[in-house]
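1. next input, structure requested:
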Amino acid sequence: ALADADAYADGKLLVIDKNWTLVANTTLTASVKRIPGGSFTKASTYTLTFSGSFENPSNGQAFIGFAAGDVTFSVGTTIYPEWFGAVGDKVTNDISALNQAVASTRAYNDLWLNKRYRIASQFTVNKAINIKGPGIIWLDVGTSVDGVVLGDGITEINDIRWEFGGIFGAVSSCGNAFVAKLVGRSTFDFPIKAGTVASTGRGAWLQWGVCNNYRFKMSTTINYGYGEYSDGPANGVELSTSAGAATVGNANTFNCVIEGLLGKGLYLLYSGSNGNDWIYGTYELMHGNGIHVKGGTGIHITDTYLEA
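-> Take a look at the predicted model:
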């Protein structure tokens, strides 16, 4: 506390070069820089808040023993799962570190993925944050569980960008690979190649969507550099409710590359006067429909390549 106060008063960085164990709920007001060897360890139920900036140039583990929500950043900061102990070797279960990273990412700030993060239980994001970087999520949750779920279907999430390395997994690694609930005015641009539950699983299940830009890439023939063991979903992109019924979809763009799947490529199930989406891209070599549009009042299809 004294070191923090002195650094803040002098306008200097507080450099963390060894382990600090919390002895109370702690707020650091000075700008903090963590260097190799430095870390914070949670004791009891104590929490840690950074009122100033936080730097961790090496991206090594900075927080030990904390739970999701225990570490708060008052200043906008790009967050890395490695700060919370993620290994990113596609073998270690990194779900705890990812959950902590999400909880510590401020709204509309970036969670940055650099590595290959295996998850053995569902990864849920219930807040408006961006996910970026070259890293991937490797699904290993089983076919009774969806892999990555954005939103709770109650509170609308808007104005985010998910542009990262993608969602991958082996055969029968998930129920549905990616599920978005009540999300609007956002951009999704990443590949999906994860083995879903047979016949009914989706690569991306959109359970409501307004003014979104979807640029999914799904292929059974391309490994995207990750996966001699990855497997394609049964179906590509589906717009419907959580019960598979017609839903709201309006003013979206679908610029996808979907090929070689066992079921449908793009399936849009509109309720009422919805529709008015713009479809283009490549949809080929599906065993089911390349594009299936049902309900709604209109759709725009241009510059689209279809092949049976």
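2. in the helix or strand encompassing residue 132, what counts as buried?
-> Assigned by DSSP states H and E, residue 132 falls within strand 130-139. Across strand 130-139, burial judged by 16 or more other C-beta atoms under 10 Å covers 130-133, 135-139. C-beta: built from backbone N, CA, C; applies to glycine.
3. quick check: beta-bridge partners of the most centrally placed residue in the chain?
-> Of all residues in the chain, the one closest to the mean position by C-alpha atoms, centre = their mean is residue 131, 5.6 Å from it. Beta bridges link residue 131 to residue 111, residue 162 when assigned by DSSP bridges.
4. try residue 235
-> Residue 235 has these beta-bridge partners by DSSP bridges: residue 202.
5. helices of this protein, start to end?
-> Taking DSSP state H as the test, the helices found in the chain are 2-10, 95-104.
6. please report how far the residue nearest to the centre of the chain lies from residue 26.
-> Distance, residue 131 to residue 26, by C-beta to C-beta, to the nearest Å: 28 Å.
7. kindly report the same for residue 99.
-> Look at residue 99 and residue 26: by C-beta to C-beta, they are 21 Å apart.
8. got it, and residue 135?
-> Using C-beta to C-beta, residue 135 is found at 30 Å from residue 26.
9. how about residue 308?
-> 63 Å.
10. so for these two, which sits in the more crowded spot?
-> Between residue 308 and residue 26, residue 26 has the larger neighbour count (other C-beta atoms under 10 Å), namely 15 against 8.
11. residue contacts, the nearest residue to that one once chain neighbours are set aside?
-> Distance criterion C-beta to C-beta, 6 or more residues apart in numbering; nearest residue to residue 26, sequence neighbours excluded, is residue 48 at 5.3 Å. Taking C-beta atoms under 8 Å, 6 or more residues apart in numbering, we find residue 48 in contact with 22, 25-28, 40, 42, 63, 66, 70-72.
12. low-scoring stretches of the chain, by residue?
-> 1-11, 221-230 (pLDDT under 70).
13. residue 149 reaches residue 119, doesn't it?
-> No: taking contacts as C-beta atoms under 8 Å, residue 149 lies outside contact range of residue 119: 11.3 Å.
14. who has more neighbours, the two?
-> Ranked by neighbour count (other C-beta under 10 Å), residue 149 and residue 119 place residue 119 first, with 24 against 20.
15. ok, and the closest non-adjacent residue to the more buried one?
-> Leaving aside its chain neighbours, residue 119 sits nearest to residue 95 (4.5 Å; criterion: C-beta to C-beta, 6+ apart).
16. got it, and residue 264?
-> Leaving aside its chain neighbours, residue 264 sits nearest to residue 288 (4.2 Å; criterion: C-beta to C-beta, 6+ apart).
17. run a quick neighbour tally on that neighbour.
-> For residue 288, using other C-beta under 10 Å, the count is 15.
18. shouldn't it be in contact with residue 238?
-> No: here residue 288 lies out of contact with residue 238, judged by C-beta under 8 Å, at a distance of 11.2 Å.
19. common neighbours of these two, please.
-> Common neighbours of residue 288 and residue 238, using C-beta under 8 Å, 6+ apart, are residue 264.
20. so who does residue 52 touch?
-> 8, 28-32, 74-75.
21. how close does it sit to residue 32?
-> 7 Å.
22. what sits in contact with each of these two?
-> What both residue 52 and residue 32 touch, as defined by C-beta under 8 Å, 6+ apart, is an empty set.
23. need the contact list for residue 106.
-> Residue 106 touches 73, 76-77, 129, counting by C-beta under 8 Å, 6+ apart.
24. please repeat the previous calculation with a cut-off of 7 Å.
-> Neighbour list for residue 106: 73, 76 [criterion: C-beta atoms under 7 Å, 6 or more residues apart in numbering].
25. measure it to residue 130 for me?
-> Distance from residue 106 to residue 130, by C-beta to C-beta: 11 Å.
26. ok, residue 115 next?
-> 18 Å.
27. try residue 171
-> In this structure, residue 171 and residue 130 are 31 Å apart, going by C-beta to C-beta.
28. residue 122 now?
-> From residue 122 to residue 130 the distance is 20 Å (C-beta to C-beta).
29. neighbours of the closest residue to residue 302 other than its chain neighbours, how many?
-> The shortest distance from residue 302 to any non-neighbouring residue, by C-beta to C-beta, 6+ apart, is to residue 280 (5.4 Å). By other C-beta under 10 Å, 15 other residues sit near residue 280.
30. ok, residue 280 touching residue 300?
-> No: with contact defined as C-beta atoms under 7 Å, residue 280 does not count as touching residue 300 (8.7 Å).
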